[in-house]
Each structure stands twice: as C-alpha cells, then as structure tokens.
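>>> Here is a sequence with its predicted model. Questions after.
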Amino acid sequence: MLDVSSPFDLAIIGGGPGGYVAAIKAAQFGLKTALVEKEKVGGACLHWGCIPTKALLHSADLYRKLYKAEECGIILEKIGIDYPRLHRRKESIVNRLFQGIQFLLKKNGVEVFEGVGQLMSPGSLLLKKNGNEIGKVTAKNVVLATGSIPLIPHTIHHDGRYVLTSNDILVLEEIPKSIVIAGGGAVGVEFAYLLNAFGTKVTIIELLNDILPAEDKEVSATLKKAFAKRGINILTNTSLENVEIDNGVRVGIKRKIQSTPASNEPIETLKADYLLLALGRTPALQDIGLENLSSGFKEKYVQTNEVMETNQHGLFAIGDITGPPFLAHKASRQGLQAVSYIAGKETNPINYQNIPGVTYCFPQVASMGFTQEEAEKKGYKVKVGKFPFIANSKAIIDGEYEDGFVKIVADEKYGEILGVHAIGPNVGELIWGASLTTLLEGTVFEVSNSFFPHPTLSEAILEAAHAVVSKPIHM
C-alpha cells in the first residue's frame with residue numbers, strides 16, 4: 001500500500017495537455033507537485049487524438065500531393081499505400097513525444113502516480129489501480145484535469161469492430177472500402193478527408209445544416225463543395241436513427257423534409273463496412289469523487305471562476321470538463337492560469353473568444369473569434385474583407401490555390417478585429433497571428449500597415465485587411 005505521508009502543494013488528476021503542462025509549470029514555480037494518471041501521460045490528445053490523427057493526415061496530404069507531382073516536373077512510376085507502415089510511423093511519433101513528456105516531468109521533479117485519482121475531500125485523494133486501493137495523497141490544492149471521452153448514444157451499440165469511435169478507428173489494420181461517418185464536426189471531417197484520400201467510399205451524415213456548423217458559413221460551404229468534388233457524399237439535415245451490425249453496418253437515417261412532419265419522415269438505410277461515431281465528446285467526470293464533496297457538482301460541466309477554482313476552496317478544474325471548446329491548447333492555458341494563481345503569480349483573465357481552432361483536412365480550416373453571423377447578432381455593425389488564395393503567389397507556387405480564402409470580420413467604426421476565418425493551405429499556421437493581434441488590441445488598420453514577407457501565404461491576411469479598410473491590392 002502506497003503511503004505518501006507528507007502533503008503536496010498541488011495534486012493534479014489527469015495527465016493530458018492540461019494536467020501535465022500544469023504539473024511542469026507548478027514544479028517550475030517551486031510547488032511540490034503530484035500528477036495522477038490512470039493510463040499514459042499525454043492523455044487522449046497524444047495517444048488517441050491530436051497527434052496520431054495528424055500523423056496519419058500528414059501521410060494523406062503527402063499521398064495527395066504526389067498525385068500532382070507531374071505538374072511540378074516530377075515523374076513517379078508508381079504510388080501506393082503501405083497502411084501498416086503508416087501506423088508504425090504514427091506509433092513511433094506518439095512514443096517519441098510520450099517519452100519526451102515523461103522526461104520533462106522527471107526533470108522538473110513532478111511525482112507521477114499511475115492509477116485513478118478519486119477525491120475523498122477537497123485536499124485528499126484515494127489512489128486506485130485495477131479497482132484496488134493503492135494509497136492516498138493529500139495536497140493543499142487539487143486540479144481536476146480528466147478530459148473527455150467520445151460521446152456514444154445509448155441507443156447505438158458500440159462494438160468497437162464495426163461501430164467505431166475515433167479511438168477505435170486509429171487501430172484499424174486495413175483501409176475500409178466504405179464508411180459512414182456520423183457527425184460533420186472537426187473529427188468527422190478530418191477522418192472523412194483522410195479515408196477519402198486513401199480510396200474509401202465516405203458518407204458523412206450531419207444533423208445540422210452544414211458540415212463544420214460552428215464555422216463561418218462561407219467556410220463551411222466552401223469545404224462542402226471541395227469534399228463533394230472528391231466524391232465524399234455529404235448528407236446534412238440528417239439524423240442517425242439506428243444501426244444493425246451484420247458483417248458490416250446498416251445505418252438507418254432520416255432526412256429532414258420541410259413538407260413532411262418529423263414523425264412521418266421515412267427511414268433510409270445506408271450500407272457500409274463501418275460506422276464512425278464522431279458525435280462529439282462528453283466530460284470524463286465519472287468515478288473522480290465529485291459526489292463526495294458537500295456542495296455537490298450536478299451540472300454537465302464543472303463550473304469555475306476566472307482562475308479555474310470551483311466553489312470548493314483549493315479545488316480547481318481545467319480542460320474539457322469545464323466545457324467547450326474541447327481543445328488541447330485551451331486546457332494547457334487553463335492549467336497555467338490555475339497554477340499561476342496557486343503559486344501567487346499575477347494572472348490575467350482568459351479571453352475565450354480569442355482561442356483559435358484548426359481542422360486538419362484539406363483545404364485546412366482555421367478560425368478565431370466571432371463569425372460574421374455571430375457578430376451581427378451581437379449588434380456589431382461589421383465590415384468584412386476577403387482575399388482568395390487563387391490570387392496569392394505562394395499558394396500558386398505550391399499548387400494549392402483552389403477553394404480557399406481569408407476572411408476578416410471587423411467593427412466598421414473602430415476597426416476592431418472581431419473574427420478571422422480561413423480555409424486553404426496550412427492556414428492553421430497563420431491563425432495564431434490573428435489571436436495575438438486581438439490580444440494586443442490591434443486593429444485591422446494596423447494589420448494593413450504591417451509587413452508580411454513575400455511570397456508567403458500570410459500575405460492573404462494583409463490583403464484581407466486591405467479589403468476591410470478599402471480594397472485589396474492584388475485583386
């Protein structure tokens with residue numbers, strides 16, 4: 001039985017991008033820190049999400065570009081896919097980063113406990129492994145960073161063989177011939193692009209009006225058009241009704257027809273090798289002991305103040321369990337916020353509207369701030385500037401200029417940047433600049449007077465800023 005007699009300054013439950021980052025920074029601040037992780041440090045992001053999917057998407061991008069190599073004067077005799085080798089590369093990347101996190105935790109003096117951490121009181125944790133108690137840890141402060149898990153409707157039988165989550169699909173040993181993807185958000189869209197690039201017949205079903213429904217409408221429409229060109233079948237305003245498993249799947253769907261009452265809409269059947277459930281994620285709050293606290297936590301997400309402290313003094317929560325957006329970099333930032341406060345350092349409120357997001361399909365999608373529709377609903381009088389990548393020299397050089405643009409939504413009077421939305425090549429590498437500009441309270445006028453190196457994709461931001469102020473130069 002593990003006996004940790006001396007209390008820690010801080011104990012963190014969950015070693016994902018929120019928890020392990022918070023643990024390292026806390027140790028750097030001089031806090032005696034414990035990190036409790038039931039599986040592997042790095043969390044779902046490293047082992048089942050961000051990193052392995054992007055490793056596979058890189059292979060898909062390379063495969064797609066090789067088919068265009070002849071345009072650049074490069075002749076290839078044969079192009080093929082070794083799917084097991086793709087997975088070996090993915091696993092080697094994950095393992096390398098995993099070892100790096102382990103090294104950093106050890107280097108900074110964080111004590112890592114393998115097991116499940118369960119709150120007995122705000123400052124007391126019970127440690128379990130394989131269902132057995134292995135010890136207790138006490139701490140002056142506790143941070144909950146348990147993340148989220150794939151959402152699986154209780155009406156759908158998830159067998160892990162034919163009906164898959166994003167976790168399951170990462171270990172498939174062969175490329176599916178056909179798949180239905182339930183959910184047109186970022187996860188569904190990324191896997192749709194990935195599998196379509198490798199030759200899978202892909203159908204996306206999405207309950208709302210468009211894929212990536214949280215993005216700017218023009219961006220979503222552009223991506224839908226690009227996907228349709230590649231043969232991806234997209235059914236929006238369509239619900240998942242039932243699933244039958246029989247050496248594959250039969251997926252029952254309903255399409256919304258305006259002239260027909262919802263109850264009378266006919267159920268259609270789609271047949272495929274697999275069904276991927278990409279319906280979102282739900283906070284991982286089971287079995288962490290919140291029910292043992294006197295005030296109770298009964299809402300879907302854990303409520304916190306601006307320094308991530310709950311209504312229990314000394315108990316903090318970060319990451320997906322605090323609500324959307326479910327992004328690794330949001331969790332990391334919240335972790336830094338919490339430990340800075342615990343260590344007595346100066347903190348500034350997090351501007352959640354400032355958080356950028358990226359969807360790693362092609363064309364890539366990136367955004368920050370309000371969409372045009374959101375800004376107008378909030379009462380802003382907006383002015384919009386757009387610039388297409390088809391007029392950007394670097395995009396033309398790279399052969400990646402179709403189906404893309406940068407769009408800036410600004411306040412008409414003062415030039416305040418309310419949102420930046422982009423679809424095109426590597427736009428995820430550009431969006432951080434928009435986030436920094438708004439953090440520093442920069443205006444669209446200042447962006448239009450800034451220097452952007454030529455030729456670069458980033459010049460599309462400069463031209464979009466000019467489009468807000470007056471007119472773009474290269475259109």
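In hand now; what should we look at? Numbering: from 1, shown residues only.
>>> Just want the most central residue of this protein.
Centroid check for the chain by C-alpha atoms, centre = their mean gives Leu327 as the closest residue, at 4.6 Å.
>>> so who does it touch?
Neighbour list for Leu327: 355, 357 [criterion: C-beta atoms under 8 Å, 6 or more residues apart in numbering]. C-betas here are computed from N, CA, C, even on glycine.
>>> State the pLDDT value of it.
Each residue has a pLDDT score; the one for Leu327 is 96.
>>> Can you list phi and psi of it for me?
Main-chain dihedrals, Leu327, degrees, to the nearest 10: phi -130, psi 140.
>>> From Gly188, how far off is it?
To Gly188, Leu327 is 16 Å away according to C-beta to C-beta, to the nearest Å.
>>> same thing with Gln337?
31 Å.
>>> more crowded one of these two?
Gly188 (26 against 23; other C-beta atoms under 10 Å).
>>> Tell me the gap between the strand or helix carrying the more buried one and the middle of its chain.
Take DSSP states H and E as the rule and Gly188 turns out to sit in helix 186-197. Relative to its parent chain, helix 186-197 has a centroid offset of 13 Å by C-alpha atoms, centre = their mean, to the nearest Å.
>>> Check which helices and strands that helix sits against.
helix 50-66, helix 166-169, strand 178-182, strand 201-205, helix 217-229, strand 357-359 (3 or more C-beta pairs under 8 Å, 6 or more residues apart in numbering; DSSP states H and E).
>>> try it again with 7 Å
helix 50-66, strand 178-182, strand 201-205, strand 357-359 (3 or more C-beta pairs under 7 Å, 6 or more residues apart in numbering; DSSP states H and E).
>>> name the element Glu241 belongs to?
strand 238-245.
>>> Return the distance of Pro17 relative to His47.
From Pro17 to His47 the distance is 11 Å (C-beta to C-beta).
>>> Looking at those two, which has the bigger crowd around it?
Pro17 (28 against 21).
>>> For that one, what are phi and psi?
According to degrees, to the nearest 10, Pro17 has phi -60, psi -20.
>>> That one touches Cys45, doesn't it?
Yes: here Pro17 reaches Cys45: they are 4.9 Å apart, a contact under C-beta atoms under 7 Å.
>>> joint contacts of these two?
Here Pro17 and Cys45 have Ala328 as joint contacts, going by C-beta atoms under 7 Å, 6 or more residues apart in numbering.
>>> Per the annotation, how does this structure divide into domains?
2-149+283-342, 163-279, 354-469 (automatic domain parsing).
>>> Report the contact partners of Val219.
212, 365, 421, 423.
>>> sorry, back to before: turn the domains of the chain into JSON lines, including distance to His157.
Below are those laid out as JSON lines (distance: least, C-beta to C-beta, whole Å):
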{"stretch": "domain 2-149+283-342", "distance to His157": "17"}
{"stretch": "domain 163-279", "distance to His157": "6"}
{"stretch": "domain 354-469", "distance to His157": "29"}
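>>> Any idea which of these gets closest to Ile156?
domain 163-279 (5.5 Å; C-beta to C-beta).
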